[in-house]
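A.B. asks: Provided below are the primary sequence and the corresponding predicted coordinates.
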Amino acid sequence: MSNNRVSRRQFLNYTLTGVGGFMAAGMLLPMVRFAIDPVLQTKAEGDFVQTSQKVADLTEEPVRVDFSYEQVDAWYKSEVTDTAWVYKQGDQVIALSPVCKHLGCTVNWAGDSAHPDQFFCACHGGRYEKTGKNIPGTPPTGPLDEYEVAEQDGLVMLGKKIANTLV
Amino acid sequence: MLNKIYDWVDERLDITPIWRDIADHEVPEHVNPAHHFSAFVYCFGGLTFFVTVIQILSGMFLTMYYVPDVENAWKSVYYLQNEVAFGEIVRGMHHWGASLVIVMMFLHTLRVFFTGSYKKPRELNWIVGVLIFCVMLGLGFTGYLLPWDMKALFATKVGIEIAASVPFIGELIKILLAGDATIIGAQTLTRFFAIHVFFLPAALFALLAAHFIMIRRQGISGPL
Amino acid sequence: MHRGKGMKFVGDSRIKANNRMVNMPKDYSEYPGKTEAFWPDFLLKEWMVGAVFLIGYLLLTVAHPSPLEGPADPTNASYIPLPDWYFLFLYQLLKYTYASGPYNVIGAIIVPGIAIGALLLVPFLDKGPERRPSKRPLPTAFMLLALASMIYLTWESVVNHDWEAAKAQGEITDEHLGLVPEVELDKEAEGYLIYSGEQGKSCIACHGTEMEGGGAAPRLLGNELTAEEVAEVIKNGRGAMPSGQFAGTDEELQVLAEFIASLKPEE
């Protein structure tokens, strides 16, 4: 037997702490797991959206592709429409977001007749090269975003918006 | 009649000491604006509490009409502001009160700082005060989203991006706040509502109680 | 609990039956200066201040109805966000080179973190017995510096913000209230051909093929402008719309303006 014998009072204190801890854990565990669920939820990766654009019809000239998909935000489902500028470079299909990096207006391919091989934003005259690289001296601060691209049944599939990988 | 009722209750519960302690506590001359006009700076704390009470009351009444749902939140705010009698005033009280509480609390903090009132033995009360400040800012941030209008959504997007820039755990904080890794939507609104209406007020009540009990035990700091 | 000789209790309770506290105000003559009781003397003065404050507060709510913008639209990519005014200084801080982009963590976390941390620990950083601000120059100087920079940053963000564009971008439209007028769009009309043609390239880019508007651009269907006003806007721009976008001739501009002005619901 050790000399530090646990006194009756100490024993009761420890037991009280233990039972209290059990009650707190029993109450809080389900609640905390409930609250942090979004962090632990695994999303289906690579959710691609089918567009009506045939890959075979693509050329090196960017075309405007409108597409829409159902966005599921827990119990709230909504139809989201979006646009991309799609073209072929060699065998690779490239899809760029039309959202100007200056203030979010919409860019157009060859929108400015003085620059027929560039994207042009009518709002403040921002221009981008075909790769989406912003032309220095125009308002945008970065290159156009890019979409992840896949192909299915000969149609272009668009995925997440990612930072431009061509520049 | 009233006296009789009081005596009847007091005989059974001995309530006199409970409220006499608060009623009789002495207020020194140097904090009394009636004697020194400059002592009005000592009113800022009380006014902060006054606005806080208005915030709690107006917030309680706002939830009679408000729905924290992406489809209906904006519509319910538009309705309660434009269709309900005095809706403009009740929402106005909550909206402008949010600003006033920050202003008064800021002035109160400056008063305590520049009179050096946080010094021994009042360190703990200062810390609790700073925590109240943080809770109030949190209430302001979460409340800003609830009307679900354009500025609410986009200011929250920026705010959540700021939280996401915390090293290592930023992404976790972001998902915990927004309820989704990419969307600021239905789950963000319900989360912010819960935080704004239950979690932060609960923390605020606990901290305010600690703040007031400490003032009552220590008394107000002496003159400079 | 109270115990002792001669103590009596009410029934079987723990409430004292004798030697109870008398319900009488305390005597303040022993206290220094003009010390007075909290209740009712001092509280009356506080409530008088509170009453004046409340009047100002209510006047404010009546004079300035609280703002409400159009319902949140996450697809609108052109909205320039603005936080509540008391976060403006932080918002402005994040615009500076060494507090944004790759240095974002400095502006977003480190600077505010140090500020809050220092505020929290003030009692342990400034431990001397002196209380007068003039006798403790360092804390006073730091606080004044922090105050000055907050005021400066808030001021900078206010003067650099385009308040007119901010007002326009959040406006509540009839569309939000479910009052969208039914307007038929004649895509064969001469005006529409100009709108969708080479001259109107920059029109259709933002206002859309159905004239439904988009990100930065309002809906044109069911507008409330006259032809003269439309021509004026096309020439000189308005809000986020820059001037001189239309590439056609003056006659074409006239046709387009009349066409757009005609897009009104039938009475």
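C.D. replies: Arrived safely, thanks for sending.
A.B. asks: just checking, next helix/strand downstream of the host helix or strand of A:N13?
C.D. replies: In the assignment (DSSP states H and E), A:N13 maps to helix A:8-35. Reading on from helix A:8-35 to the C-terminus, the next helix or strand found by DSSP H and E is helix A:37-40.
A.B. asks: returning to what we had before: now do the helix holding A:N13: distance to the chain's middle.
C.D. replies: 41 Å (C-alpha atoms, centre = their mean, to the nearest Å).
A.B. asks: same question, stretch A:110-124
C.D. replies: Distance, centroid of stretch A:110-124 to centroid of chain: 27 Å (C-alpha atoms, centre = their mean).
A.B. asks: Now do that stretch, average pLDDT.
C.D. replies: Across stretch A:110-124, pLDDT averages out at 79.
A.B. asks: I would like the residues contacting it, please.
C.D. replies: Contacts with stretch A:110-124, where a contact means C-beta atoms under 8 Å, 6 or more residues apart in numbering or on different chains, come from A:62, A:85, A:96, A:98, A:100, A:102-103, A:105-109, A:125-130, A:132, A:135, A:139-140, A:144, C:201-202, C:205-206, C:216, C:240-242, C:245, C:247. Placement of C-beta: from N, CA and C, glycine included.
A.B. asks: The residues you listed, buried ones only, as a ChimeraX selection?
C.D. replies: Applying 16 or more other C-beta atoms under 10 Å in any protein chain shown to these, the buried members can be selected in ChimeraX as follows:
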select /A:62,85,96,98,100,102,103,105,106,107,108,109,126,127,128,129,130,132,139,140,144 /C:201,202,205,206,216,240,241,245,247
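A.B. asks: Intersect the contacts of stretch A:110-124 with the contacts of chain B.
C.D. replies: Contacts with chain B within the contacts of stretch A:110-124, counted by C-beta under 8 Å from any C-beta of the partner chain: none were found.
A.B. asks: just checking, what packs against the helix or strand of chain B with the lowest mean pLDDT?
C.D. replies: Scoring the helices and strands of chain B by mean pLDDT, DSSP states H and E places helix B:150-164 at the bottom, with a mean of 88. Applying 3 or more C-beta pairs under 8 Å, 6 or more residues apart in numbering or on different chains; DSSP states H and E, one finds that helix B:150-164 contacts helix B:123-145, helix B:170-178, helix B:186-194.
A.B. asks: how about 10 Å then?
C.D. replies: helix B:73-82, helix B:123-145, helix B:170-178, helix B:186-194, helix C:88-93, helix C:104-105, helix C:163-169 (3 or more C-beta pairs under 10 Å, 6 or more residues apart in numbering or on different chains; DSSP states H and E).
A.B. asks: all strands of chain A, in order?
C.D. replies: For chain A, strands defined by DSSP state E occupy the ranges A:49-54, A:63-73, A:76-89, A:92-96, A:107-109, A:119-121, A:126-128, A:146-152, A:155-162.
A.B. asks: how far does the third one sit from the chain's center?
C.D. replies: Read that as strand A:76-89. Taking mean C-alpha positions (C-alpha atoms, centre = their mean), strand A:76-89 and its chain are 12 Å apart.
A.B. asks: So what are the sheet partners of that strand and their directions?
C.D. replies: Take DSSP bridges as the rule and strand A:76-89 pairs in its sheet with strand A:63-73 (antiparallel), strand A:92-96 (antiparallel).
A.B. asks: which parts of it are buried?
C.D. replies: A:78, A:82-88.
A.B. asks: Closest one of those to C:N76?
C.D. replies: The closest of the buried residues of strand A:76-89 to C:N76 turns out to be A:D82 (C-beta to C-beta; 12.6 Å).
A.B. asks: That closest one reaches A:R64, doesn't it?
C.D. replies: No. In this structure, A:D82 is not within contact of A:R64 by C-beta atoms under 10 Å, at 11.4 Å.
A.B. asks: So, low pLDDT: which residues of chain A?
C.D. replies: A:1-2, A:43-46, A:102-105, A:122-124 (pLDDT under 70).
A.B. asks: Export the helices and strands packed on helix B:150-164 to a markdown table and append columns for mean neighbour count.
C.D. replies: Output for the helices and strands packed on helix B:150-164, formatted as a markdown table (neighbours: other C-beta atoms under 10 Å in any protein chain shown):
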| stretch | mean neighbour count |
| --- | --- |
| helix B:73-82 | 19 |
| helix B:123-145 | 20 |
| helix B:170-178 | 18 |
| helix B:186-194 | 21 |
| helix C:88-93 | 21 |
| helix C:104-105 | 15 |
| helix C:163-169 | 15 |
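A.B. asks: out of the ones you listed, which comes closest to C:V111?
C.D. replies: helix C:88-93 (6.6 Å).
A.B. asks: Extract the CA atoms of the closest one and return them as PDB.
C.D. replies: The C-alpha coordinates for helix C:88-93 follow below in PDB (Å, rounded to 0.1, in the frame of the first residue of the first chain):
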ATOM      1  CA  LEU C  88     -14.000  49.500 -42.900                       C
ATOM      2  CA  PHE C  89     -10.500  50.100 -41.500                       C
ATOM      3  CA  LEU C  90      -9.700  46.400 -41.700                       C
ATOM      4  CA  TYR C  91     -11.200  46.300 -45.200                       C
ATOM      5  CA  GLN C  92      -9.000  49.200 -46.200                       C
ATOM      6  CA  LEU C  93      -5.900  47.700 -44.600                       C
END
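A.B. asks: That helix near chain B anywhere?
C.D. replies: Yes. Judged by C-beta under 10 Å from any C-beta of the partner chain, helix C:88-93 and chain B are in contact via C:90-91.
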